[in-house]
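S.K.: got a structure for you, letters missing:
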């Protein structure tokens, strides 16, 4: 939900209302193929408390998220910061994160700061507010809308 919050709050609303449009989306399918083929050495999709699913974790205490592109980079960064915060809230300290872009052959190191933690608390409150809405937030047209699995709900 943190990822969707930064991508599009309207998309987050639909997701929270169990309107899952990704199963037939071509971009999601490409991401799944990338996920299946990249970093095959790692144990992937570590689910914790049915709350989060980390792509993989190195023994050196580095959480990894694998992304297809940097088009929605901010959302990926905050998703990973949320995972770091989530573990910290449960007593797991000294974790760092990396976002891997295998198609770009690039890795971005991510750390969690005190300011990030405060911001995440506000984000969590806003996510809860969006979950409780009776109607979706207003549409904000963005460059990524045309590739979104929820495009029809917003524009047609």
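M.R.: It's in. All of these numbers come straight from a predicted model, not from anything done at the bench.
S.K.: tell me where this protein has helices.
M.R.: Across the chain, reading from the start of the chain, the helices by DSSP state H fall at 2-7, 9-16, 26-37, 73-89, 114-131, 151-155.
S.K.: if I average pLDDT within each of those helices, which one is lowest?
M.R.: Note on the helices of the chain: lowest mean pLDDT is at helix 26-37, with a mean of 60.
S.K.: the spatially most central residue of the chain and residue 60, how far apart?
M.R.: Centroid-nearest residue in the chain, with Cα atoms, centre = their mean: residue 3, separated by 3.3 Å. Separation of residue 3 from residue 60 (Cβ to Cβ, to the nearest Å) stands at 24 Å. No exception for glycine: its C-beta is placed from N, CA and C like everyone else's.
S.K.: same thing with residue 17?
M.R.: Separation of residue 17 from residue 60 (Cβ to Cβ): 39 Å.
S.K.: between these two, which is the more surrounded one?
M.R.: residue 17 (11 against 7; other Cβ atoms under 10 Å).
S.K.: so what's the more buried one up against?
M.R.: Remark: with contacts taken as Cβ atoms under 8 Å, 6 or more residues apart in numbering, residue 17 is in contact with nothing.
S.K.: circling back to that earlier point, residues touching the nearest residue to the residue nearest to the centre of the chain once chain neighbours are set aside, list them.
M.R.: Once its chain neighbours are removed from consideration, residue 3 has its nearest residue in residue 79; the separation is 4.1 Å (Cβ to Cβ, 6 or more residues apart in numbering). When contacts are counted by Cβ under 8 Å, 6+ apart, residue 79 touches 2, 3, 6, 65.
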